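# Fold the stuff below for me.
(chains A and B)
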Amino acid sequence: MIRERIYKELLFLDGGMGTLLQEKGLNPGELPETWNLKNKEAVISIHRQYYEAGSDIVLTNTFGANALKFRDSEYRLQDIIQAAVENAKEARTLAGVDDGRHYIGLDMGPTGKLLKPMGYLGFEEAYEAFAEVVRCGVKAGADLIHIETMSDTYETKAAVLAAKEESDLPVFATLIFDEKGKLLTGGDVPSVVALLEGLGVDALGINCGLGPKQMMPILCEMRRWASVPIIVKPNAGLPKQRDGHTYYDVTPEEFADCMEEMVEEGACIIGGCCGTTPEHIRMMTNVCREKAIHVPEKKTDTIVSSYGQAAVLGDMPLIIGERINPTGKKRFKQALKEKDIDYILKEGIRQQEQGAHILDVNVGLPDIDEPAMMEEVITELQGITSLPLQIDTVDAKAMERAMRIYNGKPMVNSVSGKQESMDMVFPLVKKYGGVVIGLALDEGGIPETAEGRVEIAGKIIKEAEKYGIERKDIIIDVLTMTISSEPEGARIVLEALEKVRRRYGVKTVLGVSNISFGLPYRPAVNSTFYALAMQKGLTAGIINPGSEEMMKVYRSYLALMNFDKNCEAYIRAYADQEEKGKEKTGAKEEMTLGYAIQKGLKEEAGHLAKACLGEAEPLDIINQHLIPALDYVGKGFEKGTIFLPQLLMSADAAKEAFAVIKEALEESGRQEEKKEKVILATVKGDIHDIGKNIVKVLLENYGFDVIDLGKDVDPKRIVETAIKEQVCLVGLSALMTTTVVSMEETIRLLREEKPDCKVMVGGAVLNEEYADMIGADFYGKDAMQSVYYAQRVLKEQG
Amino acid sequence: MDRKIKEAIRYLGYGSHAIDEKTLAMIESSFEELEKIVRMRFIYRIFELSHEEGNRLRIGQWEIESKSLSKNMKGCGQVVVFAATLGTEADRLMRRYALTDMAKTVVIQACAAALLEEYCDACQDEISEQMWQEGYYLRPRFSPGYGDFDIRHQERLLGLLDAGKSIGLTMTESCMLVPTKSVTALIGASTTKTACHRQGCEVCEKTDCIYRRDSR
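Next up is the predicted model:
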């Protein structure tokens, strides 16, 4: 019923609750939700006033009623929610509107916690908190779920998923935007719309944060992107302060007039947030009651999004970075096996810097737990990049896991024309949202003709329609075949690409580099083929953005086709191209490797190490150049003539040189010397890990094998790792008095279970005395002290 | 030299030593990079403050026992509850550099701290101006964790400002602020002007700290 009405008529929500409760005696700091039981007459009376003022939907007094926010010793959460819904029902009866056309919305606000990886709260924990609220609300008889005042797309996704999985009720979701149209966590209007529509909300919109006037531009932007009815629920102006009280000063008359304009601009479900009263709502319903609504027209934009940005796949071709993929990469496979997440993240950062717009993520390898690895890599990537991700896997579990925990609307790679594949992938796309790549192959293999591939594309599109997945969310890959075995391969692909685009109006994608398999000097063929494909209308190429040839073609293409206004990006990339060439030939000859390290010259250190390799044994280079240079810098740091940034620049330069030497050792089949293992961890509860990371860089340079357990590490995990890896030195860091407690706990546990293990500690609040008190063996007042101590321990151990 | 550059140099432990060119260039580029991505926000509310027996202070139902805070708030009938943040993007930037360039990470962290401090000062000036018109003078900011002002008061403070909703500032179970580049503080307001310069760093008992403003 609600689901139909929102497309036909204007519906009215209620107004503020918190401020009215305060007027009735709610104290600052008192949980408003407790009044559902403690003072239910007050709550019922407010609900009743809103129904009488003309609200079609009244929201329960449950904004902060979730297990993460609502902590009360007196009342149980379930009882609060049950009572809240009953209060609204009672009010509805008292107001005489028990006519089946007046509804109760179960109100859900944020948890007040920031989700991982930037915060602390796990996605599933957030989900579970919301799911509990939904279960209680459904049982109590709510008519719809209203999620509001959200600042974070990730938390919103958890709430929407909970609402959809735990109920069949309509789901509304509104977020707080600032005047620039951004969420506190950085998301913009298109990224929010893409995410929420992908998840299948019934209506979405804006609430709180701003007054009606300030919301107008955001409403217009939302109407540009949205296809479902839009909710607008502003405050009564911007908050002001007087005598320690916050107040809002937009009058009911002004509010009603503004809301009338909002309806004309596309608002379909309207109400008020902070500072609005039954009087605001009464005026609003009086003025707007007879107005027709303008439901946004259906949009056809193909959008993928991350927490903070949307990538619109349109006429300008985009780059999907292909490097997070183990296929044919020995080092990457090793990283996956060793769970070296940092290595994988660096691949992501590099591609972002090189110009990728979307990152493909493939971590499939036999004998690893792909779903778990996928989840970890996606989570961590979200902590360092705002680029949208492309989930690339054939493992159904990994795909679902990734789509569930992804903060945005992902690209999904891929579905094929095989029935089995479509049966697996489409339900996931329907549930979680996403733009899915459809491969032009089926049970019969890859058709040889262009027409054959185009037909499979049609089949995929048709099957998707059965699930309600629109064409805008399908992007077809007509499959690049290598020309060395298929002489007509390139022609067929280009023909199919254009046909698919014209016949179905869908977007296209290609993995470009397959074209040249088996040929010498592949970049020449790849880049030419890439140019031809773009000319035929390729929407996105899955390429290596680190390939200079590909990027040259890409940037030139954008400049030629006027996608790059005034050739700005082209000029930025290549303006100093000729000069660069000159510089390289005139490299400074006098510089030594030691000097480069002392001065922290990373690139030079790498080059010079390579040069040295021609003249000396790898180990001699380390002992005669690298170590003395590091010692020089370390001593300078101790004396106070060299400072932390310089120390670390030298460390980075040395690392570069070490990498070159290591490579040479491996090539000549020799092993590095066995390294001593050291565990580093920032203790449980602590999230400041910069000090630990500094120590790590230095220890690695001095030849230690650092097992970095990260931050917020459980004592048990540290002890278990120490035992399993037979480590004799553990370094712990903690920033605050509140977390030194877990440091102490970790040390105690280590003493019990691995008594031969030494413990060194560091961190802002620590000193010698404090370190003694908690039972540490050593207090490192700075990073170099930790290195020296580690060397001493190593010597003692033999 | 720009004040915030000087502050960043101090946070990096240079004391009174001259800074090298390479680091200085890195500091300058770090500020540029930060200023492009941070979204600074602040919020405050003004409450009545009452002083009770035994170094106890009361703000509504919130009771704080702290000798150092009581000293700081002496003579103040009002208190500004304040919070400010650079937002999550500064954290994300540091996470990213921690993987590829530790020197840069350390420099960005120092610059972010300096930027935040400068922003807090600007916010305080704005509040100060408004309070002055009502006849109040402001004291220096005093944050949970300073002296014996227990860090665990963080939760109450954030709650009073509804800081999660208003500026996106939350905390962990162990009272650490998230985003990390954030400040919360109480600022006393009295009707008499006391001769107090900006303190904070100088009142700390750790006199051998290399980051100390008045060291060396």
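# and residue A:98, how many neighbours?
The number of residues packed near residue A:98 is 12, by other C-beta atoms under 10 Å in any protein chain shown. In short, each C-beta sits where N, CA and C put it, glycine included.
# Now name the helix or strand holding it.
Here residue A:98 sits in a region with no helix or strand, counting by DSSP states H and E.
# Tell me the secondary structure at the closest residue to residue A:333 other than its chain neighbours.
Closest residue to residue A:333 apart from its sequence neighbours, by C-beta to C-beta, 6 or more residues apart in numbering or on different chains: residue A:326 at 4.7 Å. Secondary structure, DSSP: H, G, I helix; E, B strand; the rest coil: residue A:326 is coil.
# Let me know the pLDDT of the closest residue to chain B within the stretch 501-650 of chain A.
Across the stretch 501-650 of chain A, no residue is closer to chain B than residue A:648, which sits at 3.7 Å (C-beta to the nearest C-beta). Note for residue A:648: predicted pLDDT of 94.
# Let me know whether my guess that it is in a strand holds.
No - secondary structure of residue A:648 (three-state DSSP): helix, not part of a strand.
# what's the burial count for it?
Residue A:648: 26 neighbours (other C-beta under 10 Å).
# Now for residue 104, how many residues are close by?
Using chain A here. Residue A:104: 25 neighbours (other C-beta under 10 Å).
# try again with chain B
Residues within reach of residue B:104, counting by other C-beta under 10 Å, total 22.
# Return the residues in contact with the closest residue to it other than its chain neighbours.
Nearest residue to residue B:104, sequence neighbours excluded (C-beta to C-beta, 6+ apart): residue B:97, at 4.7 Å. By C-beta atoms under 8 Å, 6 or more residues apart in numbering or on different chains, residue B:97 lies in contact with B:104-105, B:108.
# quick one: pLDDT of residue B:97?
Looking at residue B:97, the pLDDT reads 94.
# Residue A:761 too?
96.
# residue ranges for the helices of the stretch 551-700 of chain A, please.
Counting by DSSP state H, counting those that start in this stretch, one finds helices in the stretch 551-700 of chain A at the ranges A:568-574, A:577-585, A:593-598, A:602-613, A:618-621, A:627-639, A:644-667, A:690-701.
# Throw those into a markdown table and include distance to residue A:502, thanks.
Shown next, in a markdown table, are the helices of the stretch 551-700 of chain A (distance: least, C-beta to C-beta, whole Å):
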| stretch | distance to residue A:502 |
| --- | --- |
| helix A:568-574 | 29 |
| helix A:577-585 | 38 |
| helix A:593-598 | 57 |
| helix A:602-613 | 48 |
| helix A:618-621 | 59 |
| helix A:627-639 | 63 |
| helix A:644-667 | 49 |
| helix A:690-701 | 53 |
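# least reliable of those helices going by mean pLDDT?
Among those, helix A:577-585 carries the lowest mean pLDDT (a mean of 59).
# Work out which residue lies at the spatial centre of chain B.
residue B:183 (4.1 Å; C-alpha atoms, centre = their mean).
# so that one is in which element?
Per DSSP H and E: strand B:182-190 holds residue B:183.
# in that strand, what's buried?
Residues B:182-190 are the ones in strand B:182-190 that count as buried (16 or more other C-beta atoms under 10 Å in any protein chain shown).
# what's the most distant pair in these?
Maximum pairwise distance among the buried residues of strand B:182-190 (C-beta to C-beta): 26.5 Å, between B:182 and B:190.
# How about residue A:513: what's its closest non-neighbour residue?
Per C-beta to C-beta, 6+ apart, closest to residue A:513 is residue A:526, 5.0 Å.
# what's the next secondary structure element after the host helix or strand of that neighbour?
Residue A:526 belongs to helix A:522-535 when assigned by DSSP H and E. As assigned by DSSP H and E, the chain's next helix or strand after helix A:522-535 is strand A:540-543.
# ok, that following strand: who's next to it in the sheet?
Each strand paired with strand A:540-543, and its direction, by DSSP bridges: strand A:318-324 (parallel), strand A:507-511 (parallel).
# Please put the alpha-carbon coordinates of it into PDB.
Written as PDB, here are the backbone C-alpha positions of strand A:540-543 (Å, rounded to 0.1, in the frame of the first residue of the first chain):
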ATOM      1  CA  ALA A 540      36.000   0.900 -19.900                       C
ATOM      2  CA  GLY A 541      39.300  -0.900 -20.700                       C
ATOM      3  CA  ILE A 542      40.700  -3.300 -18.100                       C
ATOM      4  CA  ILE A 543      44.400  -2.400 -18.500                       C
END
